[in-house]
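S.K.: the sequence and its predicted three-dimensional model are supplied below.
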Amino acid sequence: MPVGCVVGLQWGDEGKGKIVDLLASDADVIVRFQGGANAGHTVKVGGETFVLHLIPSGILHPGKQCVIANGVVLDPDVFLEEVDGLVARGIDVEGRLVIAERAHLALPHHRALDRGREHTATTKIGTTGRGIGPAYADKVNRVGIRVGEIRDIDRFAGRVRENTARANDVLTKLIGAEPLDVEETVEGVVAAARRLLPWIGDTVTLVQEAIESDRRVFLEGAQGIHLDVDFGTYPFVTSSSASVLGAGPGAGVPGRALDDVLGVAKAYSTRVGEGPFPTELLDATGERLREAGHEFGSTTGRPRRCGWFDAVATRWAIRLMGVDAVVLTKLDTLRGFERLRVATGYRVDGKPLTAFPFDRDGFESVEPVYEELDGFEDDVSTVRRRADLPKAARDYCDFLEGQLGVPLRMISVGKERNEVITS
Ligand code: GDP
Ligand code: IMO
Ligand code: MG
């Protein structure tokens, strides 16, 4: 059975977790294929809120197989904390969660390097401090440590020792930061690694066999296309392929197996960390969006930057990734705004811009061209059919659909699993 995929169309935090949880009821296997503990996917079910950093959002459905695939960089401490948290809340994870033996580890020295660099760098990215960049750098530099290496624990300990000591050189000599205590670090990593052993497996075969035996596989993206290392607002990006294009190398899924690419977009825009954001609102309206949408990071608690919906950047993302349909989230948050704005074009020096900007300078000279629409007063969180939305809310959705050129398959109107318009 072909494979479905959910990816972010903006700068992350679009509500992917909620949507994957919702769709997981129709899936057999749910796979995270990139990123690491930088992600924070929030799922609310029956009044209970879960924030998942590494474990796929399908885990809250009993019996579903969840996979952390090879494209993820796995922080053992965060993973174990997450497992313990779920178990403590009565979620049975036993036997239905597998970590790829090929996945790379994000370890304490990666976190120290990440934080050290952010502290001293002239161009700050505003990372989550979870060691993501250094872990992927080690992977590409062919010195990373893979999850499967834990099976030979003595050799593994030696490799952690060697990599921690090498990182200490960089920390002390180049960054001017405090070194890690090598033996204490090795001891902590080895203890956590021993606990990972039962979860390790060959996820490539698992996913391939699922596809061959007609089980529905669902891929869960983290971050969003504008944070993608190739297609995002480089260098203000994360270090992985945060798009459907990363699903092949990240999970071992051939591109032709994908039959449904769903892009998730918030009804307005947000971004955490530094970097270009053409429709950002640095005024009271931005503040109001932040308050109304509770726009504070699920991983770091940082306030998210807020702005109007950017149809230019979202259209670009849809085309690049071959998105079949969009899931619009947080429509309810826009309640009470008298007027709503959508960027439908970019202008530079008064002239329409046709090419999508490539760097910060390009974005800085951009002036969004806005279309203004009526706002709506009513609470839409109880609406379950698009036709029942207040006219202005319906017009807003119709307008976005026209701008994006693909259908809005679902419209999310609240945090809870059932707060969604599907028809
Ligand atoms: P993700 O990283 O893409 O999974 O998104 P996050 O979980 O980081 O951020 C989305 C936030 O919006 C979470 O707090 C969700 O509970 C919440 N959320 C998702 N969909 C909706 C919605 O339709 N309405 C409202 N009000 N909140 C939503
Ligand atoms: P989810 O999956 C929003 C941002 C960071 C920073 C940049 C690089 O919840 O949508 P990193 O720690 O990855 O090196 O940081 O990317 N970032 C996210 N922003 N949502 C995320 O994930 C993010 N993951 C990373 O804020 O700007
Ligand atoms: Mg998030």
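M.R.: It's in. Ligands and ions are numbered 1, 2, ... in the order given.
S.K.: wait, isn't residue 83 in contact with residue 97?
M.R.: Yes - contact criterion Cβ atoms under 8 Å: residue 83 and residue 97 qualify, at 7.5 Å. Yep, even glycine has a C-beta here, placed from its N, CA and C like the rest.
S.K.: now for those two: what residues contact both?
M.R.: residue 55 (Cβ atoms under 8 Å, 6 or more residues apart in numbering).
S.K.: OK, contacts around the closest residue in space to residue 66 that isn't next to it in sequence?
M.R.: Residue nearest to residue 66 in three dimensions, not counting chain neighbours: residue 56, with 4.3 Å by Cβ to Cβ, 6 or more residues apart in numbering. Taking Cβ under 8 Å, 6+ apart, we find residue 56 in contact with 20, 30-32, 66-68, 220.
S.K.: could you do residue 359 as well?
M.R.: Neighbouring residues of residue 359 by Cβ under 8 Å, 6+ apart: 233-234.
S.K.: ok, now how distant is it from residue 369?
M.R.: 21 Å (Cβ to Cβ, to the nearest Å).
S.K.: wait, residue 35 sits on residue 246?
M.R.: No - Residue 35 is beyond contact range of residue 246, at 9.0 Å (criterion: Cβ under 8 Å).
S.K.: which one of the two has more residues nearby?
M.R.: Between residue 35 and residue 246, counting by other Cβ atoms under 10 Å, residue 35 is the more crowded of the two (28 against 24).
S.K.: phi, psi for the more buried one please.
M.R.: The phi/psi pair for residue 35 (degrees, to the nearest 10) reads phi 70, psi -170.
S.K.: ranges for the helices of the stretch 1-150 of the chain?
M.R.: For the stretch 1-150 of the chain, the helices defined by DSSP state H, counting those that start in this stretch cover 16-23, 76-88, 108-120, 132-140.
S.K.: so can I have a markdown table of these showing mean neighbour count?
M.R.: Converted to a markdown table, these look like this (neighbours: other Cβ atoms under 10 Å):
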| stretch | mean neighbour count |
| --- | --- |
| helix 16-23 | 25 |
| helix 76-88 | 17 |
| helix 108-120 | 21 |
| helix 132-140 | 22 |
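S.K.: out of these, the one nearest ligand 3 is which?
M.R.: Closest of the helices of the stretch 1-150 of the chain to ligand 3 is helix 16-23, at 6.8 Å (criterion: Cβ to the ion).
S.K.: can you give me the offset of the closest one from its chain's centre?
M.R.: Chain-centre distance of helix 16-23: 12 Å, with Cα atoms, centre = their mean, to the nearest Å.
S.K.: for it, the averaged confidence score.
M.R.: Average pLDDT, helix 16-23: 97.
S.K.: is any residue of it near ligand 3?
M.R.: No - with Cβ under 5 Å from the ion as the measure, helix 16-23 is seen stopping short of ligand 3, the closest distance being 6.8 Å.
S.K.: what sits up against that helix?
M.R.: For helix 16-23, using Cβ under 8 Å, 6+ apart, the contacting residues are 4, 6-8, 30, 41-45, 52, 56-58, 60-61, 218, 220-222, 262, 264, 327, 329, 410, 412, 415, 417, 420.
S.K.: right, is that helix up against ligand 1?
M.R.: Yes - with Cβ under 6 Å from any ligand atom as the measure, helix 16-23 is seen reaching ligand 1 through 16-18.
S.K.: can you pull the buried residues of stretch 323-341?
M.R.: Within stretch 323-341, the residues that qualify as buried are 323-335, 337, 340-341, counting by 16 or more other Cβ atoms under 10 Å.
S.K.: that stretch near ligand 2 at all?
M.R.: No - taking Cβ under 6 Å from any ligand atom as the criterion, stretch 323-341 and ligand 2 are apart, separated by no less than 11.7 Å.
S.K.: now do stretch 231-238
M.R.: Yes - applying Cβ under 6 Å from any ligand atom, one finds stretch 231-238 touching ligand 2 at residue 238.
S.K.: check contacts around residue 138.
M.R.: By Cβ under 8 Å, 6+ apart, the residues touching residue 138 are 104, 110, 144-145, 163.
S.K.: what's the closest of the residues of helix 16-23 next to ligand 1 to ligand 2?
M.R.: Set against ligand 2, the nearest of the residues of helix 16-23 next to ligand 1 by Cβ to the nearest ligand atom is residue 16 (6.3 Å).
S.K.: overlap of the contact sets of residue 35 and residue 246?
M.R.: 221, 240.
S.K.: tell me which of the helices of the stretch 1-150 of the chain lies nearest to residue 394.
M.R.: Proximity to residue 394 (Cβ to Cβ) singles out helix 16-23 among the helices of the stretch 1-150 of the chain, at 20.7 Å.
S.K.: convert the C-alpha atoms of that closest one to PDB, please.
M.R.: Output of helix 16-23 as PDB, limited to C-alpha atoms (Å, rounded to 0.1, in the frame of the first residue of the first chain):
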ATOM      1  CA  LYS A  16       1.900  18.500  12.500                       C
ATOM      2  CA  GLY A  17       1.700  16.500  15.700                       C
ATOM      3  CA  LYS A  18      -2.000  17.000  16.000                       C
ATOM      4  CA  ILE A  19      -2.600  16.100  12.400                       C
ATOM      5  CA  VAL A  20      -0.400  13.000  12.500                       C
ATOM      6  CA  ASP A  21      -2.200  11.800  15.600                       C
ATOM      7  CA  LEU A  22      -5.500  12.300  13.900                       C
ATOM      8  CA  LEU A  23      -4.500  10.400  10.800                       C
END
